[in-house]
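*Asks:* predicted model and sequence below, questions to follow.
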Amino acid sequence: MAEEGLIALSVAITLAGSAIATAWAEKVVGAAAVGAMAENEKLFGKGIVFMVLPETIVLFGFAMAFLLLGKIP
């Protein structure tokens with residue numbers, strides 16, 4: 001019974017941590033991308049690619065959460 005609660009807590013911490021890390025990374029990358037695009041409009045494509053890269057952090061968080069949920073008996 002207590003095991004299930006600890007696993008659920010670890011899932012919540014995993015998802016929250018990955019979401020916060022993704023938000024922070026997108027804030028930093030987004031500000032830099034907008035600044036670069038303000039100076040040179042040709043950098044739009046690279047800016048979009050760099051905005052998508054931090055999303056992998058949250059995808060890995062979801063993958064870990066599902067692996068942890070599989071541990072619940």
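*Replies:* Received, thanks.
*Asks:* low-confidence ranges, the protein, go.
*Replies:* Scanning the chain for pLDDT under 70 picks out nothing.
*Asks:* let's see it at 90
*Replies:* Across the chain, residues meeting the criterion (pLDDT under 90) sit at 1-5, 7-8, 47, 51, 54, 65, 68-73.
*Asks:* the longest helix in it is where?
*Replies:* Secondary structure of the chain per DSSP state H: the longest helix is helix 2-39.
*Asks:* could you name the helices and strands sitting against the next helix or strand after that one?
*Replies:* Secondary structure here is assigned by DSSP states H and E; on that basis, the next helix or strand after helix 2-39 toward the C-terminus is helix 44-52. Contacts of helix 44-52 with other secondary structure elements, assessed using 3 or more C-beta pairs under 8 Å, 6 or more residues apart in numbering; DSSP states H and E, are made with helix 2-39. (C-beta placed from N, C-alpha, C; glycine too.)
*Asks:* now the helix it packs on against helix 44-52, angle please.
*Replies:* Relative orientation of helix 2-39 with respect to helix 44-52: 160 degrees, computed using axes from the mean of the first three to the mean of the last three C-alpha atoms, to 10 degrees.
*Asks:* phi, psi for Ile72 please.
*Replies:* When quoted as degrees, to the nearest 10, the phi and psi of Ile72 stand at phi -70, psi 130.
*Asks:* may I see the buried residues of the longest helix of the chain?
*Replies:* Within helix 2-39, the residues that count as buried by 16 or more other C-beta atoms under 10 Å are Ile7, Val11, Thr14, Leu15, Ser18, Thr22, Ala25, Glu26, Val29, Ala33, Ala36, Met37.
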